[in-house]
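J.: coords please:
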Amino acid sequence: MKRIRKATGWIVVAVVTIAMGLGCGDEDPPQEEQDEERRDADGNLCELYEEVGPYEVGLREVELEDGTPVALFYPAEEEAATVDRAVYDMRDFLPEGDRDLISDEDAPIFEMNAAMDADISGDGSFPVVLFSHGLAGYRYQSSTLLVHLASWGFVVASAEHKERNLAHVLENFAPDGDEAGEAMRAIVEFLEDDDGDISQIADTTQIAATGHSMGGNGANSMIGEPGVKAAIFYASNPNVDDGVADGEGLFWMGGTTDRLINASQVRIAYDRGPSPKRFLGIEDAGHLAFSDICAVGAEDGGVLQIAEDSGMEIPALIRTLGEDGCRETDLDVETVWPIVHHYSVAHLRDVFGIDEDPVGLSQATVDCYDGIAELEWLSE
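T.: Model (predicted):
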């Protein structure tokens, strides 16, 4: 199937060359759980990884040697399903002086489908996914995505980038550098050297570096590092050096209504990048569609509205970042998430050799999402 579509100034040629061929087997393909009426463009049942995976998810907070907080999401034992869900309070990521402005009653709290300090799965070792949050973000900003990845059998680590996180930008109106790459390398060292039980199940010979927006630069800096076999750039357009990349599976994703890093810009980075690689464009998705942020406090008008109502001063940069993807004209994030979840898991399972053949990565799968998604895939 070949399809050309023009939308908001970008052109996607949806061509798939199915030759990346990395993998080795999945005993229980997810198609058994799919709606039998939902089929791809070829008439096949949609084989998708959008549903929660086979593992319960645990969450632990650790600190690196320099004091950097890291959230670790990991496959957990079944008993974790009976434990209260972990939550985060957005006030914890504000400057200390502003936290008391928002009352407990108005606190923007977000529930994650994970259990705090749950027992780790005994099923063996799991590939590692490193995640870097965006400018004015925080380590939990994409927890919905990170929990989903962990449920499919990945150890997922997300560091707090204090030099450019939400609190720092609210206080200083600009980042103070970017040390995401250093934090990601420190996480790998932690997982290799720590005596804890998570280190025992984290397979650092199979690593994916991922990042949202500015976090894509940190992910890009990991390409070529030992064990790194994949990278995913969410609403990010880093230019990957062909001389550094050596067969890693690269994936760029972008939305067409993103006014910060539009899908057309993401596509340019993809076009320049070395193969094997994939590109996914999502119609009407904005910048924050790859994060929790639009859903946090949505019943009260969203995070920005809650902050304004509390008397906080919102810098122009935060307003721009905090609205893109949450507007009424943007595709609802709860419609975007299943698409992002599916293609992220499918890509990682393919690159890490978990699936014998690519699952849910053909061009035909875009019809499983009513034409919202456009996929391109190039091999060698």
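
J.: report the contact partners of the nearest residue to residue 213 once chain neighbours are set aside.
T.: Excluding its sequence neighbours, the residue lying closest to residue 213 (C-beta to C-beta, 6 or more residues apart in numbering) is residue 134, at 3.2 Å. In this view, the C-beta of every residue, glycine as well, is placed from N, C-alpha and C. Listed by C-beta atoms under 8 Å, 6 or more residues apart in numbering, the contact set of residue 134 reads 141, 211, 212, 213, 214, 215, 235, 291, 321.

J.: mind redoing it with 10 Å?
T.: If you count contacts by C-beta atoms under 10 Å, 6 or more residues apart in numbering, residue 134 has them with 141-142, 161, 164-166, 180, 211-216, 234-236, 260-261, 287-288, 290-291, 293, 321.

J.: and the strands in the stretch 51-200 of the chain, which stretches?
T.: Secondary structure of the stretch 51-200 of the chain (DSSP state E, counting those that start in this stretch): strands located at 56-63, 69-76, 85-89, 109-116, 126-132, 155-159.

J.: buried ones among the contacts of residue 134?
T.: Judged by neighbour count, with 16 or more other C-beta atoms under 10 Å as the criterion, the buried members of the contacts of residue 134 are 141-142, 161, 164-166, 180, 211-216, 234-236, 260-261, 287-288, 290-291, 293, 321.

J.: can you give me the helices in the stretch 151-300 of the chain?
T.: For the stretch 151-300 of the chain, the helices defined by DSSP state H, counting those that start in this stretch occupy 166-172, 180-193, 197-201, 215-222, 263-272.

J.: deepest of these, which one?
T.: Among the helices of the stretch 151-300 of the chain, helix 215-222 has the highest mean neighbour count (mean count of other C-beta atoms under 10 Å), at a mean of 26.

J.: any idea how far that helix is from the chain center?
T.: Shown here is helix 215-222, whose average C-alpha point lies 13 Å from the average C-alpha point of the whole chain (C-alpha atoms, centre = their mean, to the nearest Å).

J.: might you report the residue contacts of the nearest residue to residue 154 once chain neighbours are set aside?
T.: Using C-beta to C-beta, 6+ apart and skipping the chain neighbours, the partner closest in space to residue 154 is residue 129 (4.8 Å). When contacts are counted by C-beta under 10 Å, 6+ apart, residue 129 touches 73, 145-146, 149-150, 152, 154-158, 206-210, 230, 232, 344, 348.

J.: for residue 377, name its beta-bridge partners.
T.: Applying DSSP bridges to residue 377 gives these bridge partners: residue 16, residue 278.

J.: count of neighbours near it?
T.: Summarising burial for residue 377: neighbours were counted as other C-beta atoms under 10 Å, giving 23.

J.: could you measure from residue 55 over to residue 201?
T.: Applying C-beta to C-beta, to the nearest Å, the value for residue 55 to residue 201 is 11 Å.

J.: need the overlap of contacts for the two.
T.: 74, 75, 121, 123, 126.

J.: pull the longest helix from this protein.
T.: Scanning the chain for the longest helix, with DSSP state H as the assignment, gives helix 333-351.

J.: okay, the angle between that one and strand 126-132?
T.: Our comparison of helix 333-351 with strand 126-132, counting by axes from the mean of the first three to the mean of the last three C-alpha atoms, to 10 degrees, yields an angle of 130 degrees.

J.: list the buried residues of stretch 102-109.
T.: By neighbour count, with 16+ other C-beta under 10 Å as the criterion, the buried positions of stretch 102-109 are 102, 107, 108.

J.: redo those as JSON lines? Include pLDDT and distance to residue 367.
T.: Rendered in JSON lines, the data for the buried residues of stretch 102-109 read as follows (pLDDT from 0 to 100; distance: C-beta to C-beta, whole Å):
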{"residue": "102", "pLDDT": "95", "distance to residue 367": "44"}
{"residue": "107", "pLDDT": "94", "distance to residue 367": "41"}
{"residue": "108", "pLDDT": "96", "distance to residue 367": "37"}
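
J.: save those as TSV, and put in distance to residue 196 too.
T.: Written out in TSV, the entries for these read as follows (distance: C-beta to C-beta, whole Å):
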residue	distance to residue 196
102	34
107	31
108	31
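
J.: where does pLDDT dip in the protein?
T.: The model of the chain has pLDDT under 70 over residues 1-36, 380.

J.: hmm, 50 instead?
T.: 1-35 (pLDDT under 50).

J.: in it, what residue sits furthest out from the centroid?
T.: In the chain, counting by C-alpha atoms, centre = their mean, residue 311 sits farthest out from the average C-alpha position, at 31.6 Å.

J.: can I take it that that residue is in a strand?
T.: No: Residue 311 sits outside any strand when classified using DSSP: H, G, I helix; E, B strand; the rest coil, being coil.

J.: ok, residue 183 to residue 219 distance?
T.: Separation of residue 183 from residue 219 (C-beta to C-beta): 11 Å.

J.: which neighbours do the two share?
T.: Any residue near both residue 183 and residue 219 by C-beta under 10 Å, 6+ apart counts here, and that gives 130, 132.

J.: what's the spacing between the longest strand along the chain and its chain's center?
T.: Determined from DSSP state E, the single longest strand within the chain is strand 202-212. Here the centre of strand 202-212 is set off from its chain's centre by 12 Å, with C-alpha atoms, centre = their mean.

J.: same question for stretch 169-183.
T.: When distances are taken as C-alpha atoms, centre = their mean, stretch 169-183 is centred 19 Å away from the chain's centroid.

J.: tell me the spacing between the residue nearest to residue 238 when sequence neighbours are not counted and residue 228.
T.: Distances taken as C-beta to C-beta, 6+ apart place residue 220 nearest to residue 238, at 3.9 Å, with adjacent residues excluded. Separation of residue 220 from residue 228 (C-beta to C-beta): 11 Å.

J.: between these two, what contacts are shared?
T.: If you check residue 220 and residue 228 against C-beta under 10 Å, 6+ apart, the residues they both contact are 209, 245.
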